[in-house]
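[1] Quick check, what structure comes out for this input:
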Amino acid sequence: MFPLSSAIPGLVWAYRITPGMRSERLSAECSAEEAQPGDGFIWLHLNLADGRVVTFLEQFTELTPAAIAALTTHDTHAALSMDEGLLFGTLIDFQREFDATTRDIGWLHFALSEKFIITTRLQPIRSVDKVRAAVEKNATRYASPLQIFELLVAEFQRGLIAVVLDLTEELNQIEDHVYGSELRDERRRLTPVRRLIVRLHRHLRTMLLIMRRAAAADEEEMTDDMEDTLARLVARLEAVDQDVYALADRARLLHEELDSKQSAETNRHLYILSLMTALLLPPSLVTGFFGMNTTALPFAEGLHGTAYAFGFILLSVMLSWWILRRTGIL
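    Okay, here's the model as predicted:
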């Protein structure tokens, strides 16, 4: 299976897992020959940042070209295929920083058979670390690479539920301000939340579709265990997909409410501006009349011309206000 004797390039970790026994973590400098499955199976986790990984995978005798392409691709969409007894593809997950998980979407590539499971990634992935910890704690629970794959998807679902809870709390806070008495523009907070929800829902729907298609496919190579595993994963993802869809619908309604409130506020400002224009238009006519450079204007001579002008201005404002009240505009 592993004809190379040199150290495995891009190796993050390697485990030899024997059913009913504790897992054995191989050294970081282990060679491909030392990573033989033996009685159990091997889990290799590789970092695609090492450019030698592609060449290394091409020399695996049990990996098909399609499986190698799936392990080394940089495509950002979920995929799941089966060929010559291999299950391979790409899973969506969340990236992980050194001290915390993030909401940034990452991609985990995998290929598995009865004797091995190989996972590759470009950025650190949350679910992989969770599964590694579970394998180290109790490896006797995992008798096959297919169970490791199922646990990877289950951990992604748990991580997605945690993100859904955080997003729900953020929407609750935004909703309190949106429907509160004080008008606040919450679009700056709502826009990134809505963008994340839409992305999660799109990728999650893709994962559901490919797993449903794989579960419904009439493949001779698909075992009963594989069919049962895919059915369980579909049920898991469908449950959380409903929550994500509900969040997307809620965020959309909040966005529409914000737009409605903003439109109402804009209309109120335009209404006030229109009233001010209607009230100030007659005084403008009065001042324009007295400001004309013509002779024989009334009140041009005498000591009280300015007072009369101010009186006409005040009278015109009151007359405009009375007309607006009579017509029901005010």
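[2] for the stretch 151-300 of the chain, which spans come out with low pLDDT?
    181-185, 218-221, 283, 285-300 (pLDDT under 70).
[3] Just the helices from it, written as ranges.
    187-216, 224-290 (DSSP state H, counting those that start in this stretch).
[4] and of these, who's closest to Phe94?
    Set against Phe94 and scored by CB to CB, the helices of the stretch 151-300 of the chain come closest in helix 187-216, at 9.6 Å. Heads up, the C-betas are built off the backbone N, CA and C, glycines and all.
[5] Which strands or helices does the closest one pack on?
    Applying 3 or more CB pairs under 8 Å, 6 or more residues apart in numbering; DSSP states H and E, one finds that helix 187-216 contacts strand 79-83, strand 86-96, strand 101-112, helix 145-178, helix 224-290.
[6] List the buried residues of it.
    190, 193-194, 196-197, 200-201, 203-204, 206-208, 210-212, 214-215 (16 or more other CB atoms under 10 Å).
[7] contacting residues around Ala14?
    Contact analysis of Ala14 by CB atoms under 8 Å, 6 or more residues apart in numbering lists Ile8, Arg25, Leu26, Cys30, Ala35, Ile42, Trp43, Leu44, His45.
[8] actually Arg132, not the one I typed
    Contacts for Arg132 (CB under 8 Å, 6+ apart) come out as Trp13, Tyr15, His45.
[9] can you confirm it is in a helix?
    Yes. Counting by DSSP: H, G, I helix; E, B strand; the rest coil, Arg132 falls inside a helix.
[10] Distance of it relative to Trp13?
    Going from Arg132 to Trp13 by CB to CB, to the nearest Å gives 7 Å.
[11] Name the residues contacting each of the two.
    Contact criterion CB under 8 Å, 6+ apart; residues shared by Arg132 and Trp13: His45.
[12] If any of the contacts of Ala14 are buried, give me the PyMOL selection for them.
    To isolate the buried members of those in PyMOL, using 16+ other CB under 10 Å:
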select buried, resi 8+25+26+30+35+42+43+44+45
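[13] just the contacts of Ala14: which has the poorest pLDDT?
    On pLDDT alone, Ala35 ranks lowest of the contacts of Ala14, at 70.
[14] I'd say that one and Leu26 touch.
    Yes. Ala35 is in contact with Leu26 according to CB atoms under 8 Å; the separation is 6.2 Å.
[15] what do the two both touch?
    Common contact partners of Ala35 and Leu26 (CB under 8 Å, 6+ apart): Ala14, Arg16.
[16] So what's the residue count around the residue lying closest to Thr90 once chain neighbours are set aside?
    Setting aside the residues directly before and after it, Thr90 is nearest to Ala79 in space (CB to CB, 6 or more residues apart in numbering), at 4.6 Å. Ala79: 16 surrounding residues under other CB atoms under 10 Å.
[17] Determine which residue lies closest to the centroid of the protein.
    In the chain, the centroid-proximal residue (CA atoms, centre = their mean) is Leu196; its distance is 2.7 Å.
[18] thought that residue was touching Val164?
    No. Using CB under 8 Å, Leu196 is not in contact with Val164, being 10.6 Å away.
[19] thinking again about what came up before, mind giving me a markdown table with the helices and strands packed on helix 187-216 and columns for distance to Lys137?
    Converted to a markdown table, the helices and strands packed on helix 187-216 look like this (distance: least, CB to CB, whole Å):
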| stretch | distance to Lys137 |
| --- | --- |
| strand 79-83 | 28 |
| strand 86-96 | 19 |
| strand 101-112 | 19 |
| helix 145-178 | 12 |
| helix 224-290 | 21 |
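[20] Which among those is found nearest to Ala70?
    Comparing those by CB to CB, strand 86-96 comes nearest, at 4.4 Å.
[21] can you pull the buried residues of the closest one?
    Within strand 86-96, the residues that count as buried by 16+ other CB under 10 Å are Leu86, Leu87, Phe88, Gly89, Thr90, Leu91, Ile92, Asp93, Phe94, Gln95, Arg96.
[22] Just put those in JSON lines and tack on pLDDT and distance to Ile148.
    Shown next, in JSON lines, are the buried residues of strand 86-96 (pLDDT from 0 to 100; distance: CB to CB, whole Å):
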{"residue": "Leu86", "pLDDT": "86", "distance to Ile148": "15"}
{"residue": "Leu87", "pLDDT": "89", "distance to Ile148": "11"}
{"residue": "Phe88", "pLDDT": "90", "distance to Ile148": "14"}
{"residue": "Gly89", "pLDDT": "91", "distance to Ile148": "14"}
{"residue": "Thr90", "pLDDT": "91", "distance to Ile148": "16"}
{"residue": "Leu91", "pLDDT": "90", "distance to Ile148": "12"}
{"residue": "Ile92", "pLDDT": "89", "distance to Ile148": "17"}
{"residue": "Asp93", "pLDDT": "88", "distance to Ile148": "14"}
{"residue": "Phe94", "pLDDT": "88", "distance to Ile148": "18"}
{"residue": "Gln95", "pLDDT": "86", "distance to Ile148": "20"}
{"residue": "Arg96", "pLDDT": "83", "distance to Ile148": "18"}
